[in-house]
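K.L.:
Here is a sequence together with a model predicted from it:
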Amino acid sequence: MRHPKLTGRLSVPGRKARLATAAMLLVATTLAACGDSQDDDAQASAPKAPATIPELTKDPLTLSFIWFDWPPAHALEEFANAEYKKERPNATIKVNTVPNANWHDAMFTQFAARKTDFDIAVLDSQHIGEAVTNGNILDLTDFVKNNIDVNAYNPYLLAAYGQFPQAETGKRDENASLYGLPLLGDTWTMIYRKDLIGDKPPQTWDEMISVAGKCQAENPGVSGLAFHQANGSDAAAVTYNTVNGVYGGNLWDPKTRKIDGVLNDAAGQEAMDVLVNKMKPLTAKGSGNWFIDEVNAAVAQGKACIAFNWIAASGGLLDPKQSTLGTTREQILDKLGFATLPSQKTNLVPLGGMGMHVSAYSPAANQAEALNFMKWFERPDIQKKWAAAGGVPARTDALESPEFLNAGPFNRVYADSVPRMRDMWNVPEYARLVDIENTNVNAALNGAKKPKEALDDIAREQQSVLDSSGRKGGGGL
Amino acid sequence: MSDPVPLTTDDPGQVASATPPARGRSRRLGDRGLAVAFVSPALLLLLAMSVFPLLWALYLSFTDYSATRGGPANFVGFGNYTAILTSAQVHTRALTTLVYVVGAVSLQTVLGFAIAYLISRRTHGRGLLTTLFLVPMMLSPVVVGLFWRFMLDAQFGVINSMLGSVGLGQVEWLTRQRTALVSLIVVDTWQWTPFIMLIALAGLTAVPRYLYEAASIDRASEWFRFRTITLPLVWPLLLIAVLFRAIEAFRLFDLVYILTSGGPGVSTETLSFHVYKVAFLGFNTGTASAYGILMVLVVVVLTQLYLRYLNKLKEG
């Protein structure tokens, strides 16, 4: 009989030996694979881009971007394919979009794999530190020196979208390295109902709260304020940072890397108190998870007296198809006004927008095309065209151009806001820091934590992340 | 090579001698080779996709490796495990997960069994009803999450609109600490009650009819029949369904991600969602690996205890 014979062959010791061999093989493979990962250590800092653009291919080529899904991403693809193709007919621009909440992960998981399906990453200004220290994007310093007129930009914008280590507000370090070039500038605009609160926008934060309270009381069903409070992305964090700045607070001391004791000082506590106890009661019930789209929806449906949103995301508000405020753009503009943020102890506004950064893992031909695209995109005439197409440029000449200022009612707001901008911490630990701030501000706004407790927790947890950034094991909890 | 064989011959014996039968040993090897050929692709796939990543994760869990930073994977011993097990943040998430698992699975079990019991008593339309009840289970959790996010929106959602029409106030379903977790449990229950129902229905239809007939001859009450016949026979199958659901619920991620993002604050942040943050926000791969290994261990240990109880029940 065959079966007993076979069983006899696979006697217990034999089976054990085979299992042991298999286990040893697996462990050996595992160790070998881990050894490979250690070889990747060579990437300790960003590789350098060539100072001059290498010879471009004449073959058909697709230049891929990665960004999050919002109107400027679609506008960029349309604009670039229409205009860049005039100079490079063989190049097609593809802007891959992901949901905002996945944006960081979508880019950095590919960076982690050392292989990207995009050539140009549109990084948030605060992502630069993480990408640079991990060697994920090209160092563009030499390329910029040879190809870009850096004096054409507001130095803070150029620093925010490209420089690492971070520049202090308004002071770009000309000797520092640049890793990106501006793609889209942005900041918050105050959107107010002219028909409900009058043509003149409030000038101070306290006045704004008072006006919003009065408007809410006089208009049942309309909330006084609408702003970002959501738990995901940087929604609630930017809201707190804005109020913190306006009330004279600081996010940290970049020189000493101190957050605890700085963020939660008297100014920081006053800002949190204003946000939670004075502003939150003027918002719609259940708005604790609102972000860009929800705020726009509240404005478009006439449910808010005053709202705050990113300028680059505000274009849809003037679309009669999406609004109940009027059947034409003019009718909507009779009711909606756009203004720079009110000031209080300071006049700071949040810096938004993003830069273009070349993936270190993109093929050489695509990297060359990416550099060529960036040089083309930063040209003054193209920046003006981009402004007319709905983009927000960073070159000063384009910012002051009629093409930009006449393209939308909020563009003047951006031009006026540029000297007032403040960014967040541009450090490799940004993703963890912003998550801590987001969850705690969201908790305070939704009654899950007391304002002071939330602020102290942010300061303590963020400080712990910064302090433990070089620690071995258990980091990141 | 064997000699060439003539196509036609008058001597059958000659043919037989020209093509000797395969020797026993080579035929046996052929069978074994065939078996290996069939099994090895699946085995290799299992090793590559399951065993190898698990071993690698186990190795990384003892290091400070970061996938995005690259660099050497320095050995940190049990540092990651100690940090996780002593972290107050992890304890909070574990409690949230426990409340969620117990709440959701209990509710689903009661509802699923009740629906199955009612359906099993129907003679007409049983198939149609079963199919209709199964629809939520067929949907992707992402679709379910987005669908319920709109339904539960405090300002524009259908649920609050219905509550308003009967004179009740607005409820902040997803933005208040207590209602957010309840909302997650309700949505998960909506999607997965059909699973329990399906298993319970299979158990109920397998109960021998003669037991009920004998009970009815003895004039046994409906409750007595349920308590002494239906429940004991369906119970083991129901417990297996509960086991599957509990494991699934323990690693809940998608609904949290879409409905609440773990909020308000971190009040609906489950262990799986927290692991995701550790792994992809800070790219602390070593810590995240230790976290994952611990979660697997918890599930394996609890499952073993549960299976022992099931076996005891079977023996009893």
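P.N.:
Thanks, I have it. Numbers count the residues shown, from 1 in each chain, chains lettered A, B, ... in the order given.
K.L.:
for residue A:146, what are its contacts?
P.N.:
Listed by C-beta atoms under 8 Å, 6 or more residues apart in numbering or on different chains, the contact partners of residue A:146 are A:51, A:52. The C-beta positions use only the backbone N, C-alpha and C, and glycine is treated the same way.
K.L.:
Phi, psi for it please.
P.N.:
Phi and psi for residue A:146, reported as degrees, to the nearest 10, are phi -90, psi -20.
K.L.:
And residue A:437, by the same measure?
P.N.:
According to degrees, to the nearest 10, residue A:437 has phi -70, psi -40.
K.L.:
secondary structure element for the closest residue to it other than its chain neighbours?
P.N.:
If the residues on either side of it in the chain are set aside, residue A:437 comes closest to residue A:237, at 4.1 Å by C-beta to C-beta, 6 or more residues apart in numbering or on different chains. Following DSSP states H and E, the helix or strand that holds residue A:237 is helix A:235-246.
K.L.:
for the record, mean pLDDT for the helix or strand just after that helix?
P.N.:
Next helix or strand after helix A:235-246 toward the C-terminus (DSSP H and E): helix A:266-273. Here helix A:266-273 scores 98 as its mean pLDDT.
K.L.:
returning to that earlier point: now the helix holding residue A:237, how far from the centre of its chain.
P.N.:
Computed by C-alpha atoms, centre = their mean, to the nearest Å, the chain-centroid distance of helix A:235-246 equals 14 Å.
K.L.:
in that helix, what's buried?
P.N.:
A:235, A:236, A:237, A:238, A:239, A:240, A:241, A:242, A:243, A:244, A:245, A:246 (16 or more other C-beta atoms under 10 Å in any protein chain shown).
K.L.:
Check stretch A:449-459 too.
P.N.:
A:449, A:451, A:454, A:455, A:456, A:457, A:458, A:459.
K.L.:
Which of those fall within helices?
P.N.:
Assigned to helices by DSSP state H, the following of the buried residues of stretch A:449-459 qualify: A:451, A:454, A:455, A:456, A:457, A:458, A:459.
K.L.:
Would you format the residues you listed as TSV with pLDDT and distance to residue A:251 included?
P.N.:
Putting those into TSV (pLDDT from 0 to 100; distance: C-beta to C-beta, whole Å) gives the following:
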residue	pLDDT	distance to residue A:251
A:451	97	17
A:454	98	15
A:455	98	12
A:456	98	15
A:457	97	15
A:458	98	10
A:459	98	10
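K.L.:
Of these, which are in range of chain B?
P.N.:
The overlap between these and the neighbours of chain B (C-beta under 8 Å from any C-beta of the partner chain) comes to residue A:454.
K.L.:
Show me which of the ones in helices among the buried residues of stretch A:449-459 is closest to residue B:46.
P.N.:
residue A:457 (44.1 Å; C-beta to C-beta).
K.L.:
show me what contacts the closest residue to that closest one other than its chain neighbours?
P.N.:
Using C-beta to C-beta, 6+ apart and skipping residues adjacent in sequence, the residue nearest residue A:457 is residue A:440, 5.2 Å away. By C-beta under 8 Å, 6+ apart, residue A:440 lies in contact with A:449, A:454, A:455, A:457, A:458, A:461, B:265.
K.L.:
can you do 10 Å?
P.N.:
Counting by C-beta atoms under 10 Å, 6 or more residues apart in numbering or on different chains, residue A:440 touches A:236-237, A:240, A:272, A:448-449, A:451, A:453-459, A:461-462, B:265-266.
K.L.:
Residue A:268 now?
P.N.:
A:240, A:243-244, A:247-251, A:261-262, A:452, A:455-456, A:458-459 are the contacts of residue A:268 under C-beta under 10 Å, 6+ apart.
K.L.:
which one of those residues sits closest to residue A:371?
P.N.:
For these, the nearest to residue A:371 is residue A:251 (33.5 Å; C-beta to C-beta).
K.L.:
Can you tell me how far the residue of the stretch 151-300 of chain B found nearest chain A is from residue A:361?
P.N.:
Per C-beta to the nearest C-beta, residue B:154 is where the stretch 151-300 of chain B lies closest to chain A, at 2.0 Å. Separation of residue B:154 from residue A:361 (C-beta to C-beta, to the nearest Å) stands at 44 Å.
K.L.:
same check, this time on residue A:87
P.N.:
Computed as C-beta to C-beta, the residue A:87 to residue A:361 distance reads 26 Å.
K.L.:
Show me which of these two is the more surrounded one.
P.N.:
Neighbour count, other C-beta atoms under 10 Å in any protein chain shown: between residue A:87 and residue A:361, residue A:361 has more, with 20 against 11.
K.L.:
Skipping adjacent residues, who's closest to the more buried one in space?
P.N.:
residue A:116 (4.8 Å).
K.L.:
quick one: which helix or strand includes the one you found?
P.N.:
Counting by DSSP H and E, residue A:116 is part of no helix or strand.
K.L.:
That one touches residue A:362, doesn't it?
P.N.:
Yes: look at residue A:116 against residue A:362 with C-beta atoms under 10 Å: they come within range, at 6.3 Å.
K.L.:
mind checking the SS state of residue A:93?
P.N.:
For residue A:93, the assignment made with DSSP: H, G, I helix; E, B strand; the rest coil gives strand.
K.L.:
Would you list the phi and psi of whatever residue of the stretch 201-350 of chain A ends up closest to chain B?
P.N.:
When distances are taken as C-beta to the nearest C-beta, the stretch 201-350 of chain A reaches nearest to chain B at residue A:286, 2.0 Å away. Main-chain dihedrals, residue A:286, degrees, to the nearest 10: phi 80, psi 10.
K.L.:
Distance of it relative to residue A:309?
P.N.:
Applying C-beta to C-beta to residue A:286 and residue A:309 gives a distance of 18 Å.
K.L.:
now do residue A:431
P.N.:
According to C-beta to C-beta, residue A:431 and residue A:309 sit 23 Å apart.
K.L.:
do residue A:171 as well
P.N.:
From residue A:171 over to residue A:309 (counting by C-beta to C-beta), the distance is 29 Å.
K.L.:
same thing with residue A:190?
P.N.:
Distance from residue A:190 to residue A:309, by C-beta to C-beta: 9 Å.
K.L.:
what do these two both touch?
P.N.:
By C-beta under 10 Å, 6+ apart, the residues touching both residue A:190 and residue A:309 are A:227, A:338, A:410.
K.L.:
Also within reach of chain B: list those from those.
P.N.:
Applying C-beta under 10 Å from any C-beta of the partner chain to the shared contacts of residue A:190 and residue A:309, one finds that nothing falls near chain B.
K.L.:
Can I get those in CSV including neighbour count?
P.N.:
Output for those, formatted as CSV (neighbours: other C-beta atoms under 10 Å in any protein chain shown):
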residue, neighbour count
A:227, 28
A:338, 22
A:410, 27
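K.L.:
Can you give me the buried ones in the lengthiest helix in chain B?
P.N.:
In chain B, with assignment by DSSP H, the single longest helix is helix B:88-120. Under the neighbour-count criterion of 16+ other C-beta under 10 Å, helix B:88-120 has B:90, B:93-94, B:96-97, B:100-101, B:103-105, B:107-109, B:111-113, B:115-117, B:119-120 buried.
K.L.:
overlap between the residues you listed and the residues near chain A?
P.N.:
Among the buried residues of helix B:88-120, proximity to chain A is found for B:90, B:93 (C-beta under 10 Å from any C-beta).
K.L.:
coming back round to it: average pLDDT for the longest helix of chain B?
P.N.:
Taken as a whole, helix B:88-120 has a mean pLDDT of 96.
K.L.:
who does it touch, helix- and strand-wise?
P.N.:
helix B:79-85, helix B:126-138, helix B:177-205, helix B:231-250, helix B:254-259, helix B:271-280, helix B:285-315 (3 or more C-beta pairs under 10 Å, 6 or more residues apart in numbering or on different chains; DSSP states H and E).
K.L.:
Can you say which of the ones you listed is nearest to residue A:376?
P.N.:
Nearest to residue A:376 among these is helix B:271-280; the distance by C-beta to C-beta comes to 33.9 Å.
K.L.:
Run through the residues that contact residue 109.
P.N.:
In the absence of a named chain, chain A is used. Residues counted as contacts of residue A:109 (C-beta under 10 Å, 6+ apart) are A:102, A:116, B:67, B:68, B:279, B:280, B:283.
K.L.:
My question was about chain B, not that one.
P.N.:
Applying C-beta under 10 Å, 6+ apart to residue B:109 gives the contacts B:189, B:193, B:196, B:197, B:200, B:238, B:239, B:241, B:242, B:245, B:246.
K.L.:
Noted, bye for now.
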